[in-house]
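K.L.:
the following comprises the amino acid sequence and a computationally predicted model.
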Amino acid sequence: MPFQRELDAIVREVPGVVGVILVDFEGEAVIGAVNGISNYDLRVAGAYGGIFRDQVRRVCQETGLGTPLTFTINGSEWRILSEDLKDGYHLVVVASSSAKLPLALQRIRACAETLKREL
């Protein structure tokens with residue numbers, strides 16, 4: 001599956017990324033790749049990433065700020081990045097706080113463009 005190869009490449013090639021997951025509009029995991037996090041924890045992060053994304057989208061719409069495409073949550077030891085795709089799908093990436101954020105964003109956005117064409 002080409003999606004799986006894309007996700008595997010992100011966790012393999014971006015230092016600090018421990019998991020990436022494609023989540024549908026209901027918050028359900030479609031596919032994912034892990035390297036340092038359990039599948040369960042990645043699925044939980046993906047589901048909550050969808051909840052947070054929906055809340056950010058609602059606030060942006062209510063305040064006239066437009067449509068959010070990407071958001072990041074930075075913790076003391078981790079980062080969660082969420083990239084909106086289409087039709088309610090989104091990518092959620094879990095990375096250590098030391099992860100190279102610009103490289104992670106570049107790879108996530110390239111993967112997102114591929115997924116948008118295929119979804």
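P.N.:
That came through fine. Numbers count the residues shown, from 1 in each chain.

K.L.:
need the residue closest to the centroid of the chain.
P.N.:
residue 92 (1.7 Å; Cα atoms, centre = their mean).

K.L.:
who does that residue form a beta bridge with?
P.N.:
Counting by DSSP bridges, residue 92 forms beta bridges with residue 21, residue 82.

K.L.:
ok, which stretches of this protein are helices?
P.N.:
Assigned by DSSP state H, the helices in the chain fall at 2-13, 39-63, 101-118.

K.L.:
make JSON lines out of those helices and add distance to residue 20.
P.N.:
Where C-beta positions appear, they are placed from N, C-alpha and C, glycine not excepted. Formatted as JSON lines, those follow (distance: least, Cβ to Cβ, whole Å):
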{"stretch": "helix 2-13", "distance to residue 20": "5"}
{"stretch": "helix 39-63", "distance to residue 20": "8"}
{"stretch": "helix 101-118", "distance to residue 20": "8"}
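
K.L.:
got the contact list for the residue nearest to the centre of the chain?
P.N.:
Neighbour list for residue 92: 20-21, 23, 45-46, 49-50, 80-82 [criterion: Cβ atoms under 8 Å, 6 or more residues apart in numbering].

K.L.:
mind checking pLDDT for it?
P.N.:
We have a pLDDT of 93 for residue 92.

K.L.:
do the same with residue 20
P.N.:
Looking at residue 20, its pLDDT is 95.

K.L.:
distance of it from residue 43?
P.N.:
Distance of residue 20 to residue 43, computed by Cβ to Cβ, to the nearest Å: 12 Å.

K.L.:
swap in residue 22?
P.N.:
As defined by Cβ to Cβ, residue 22 lies at a distance of 11 Å from residue 43.
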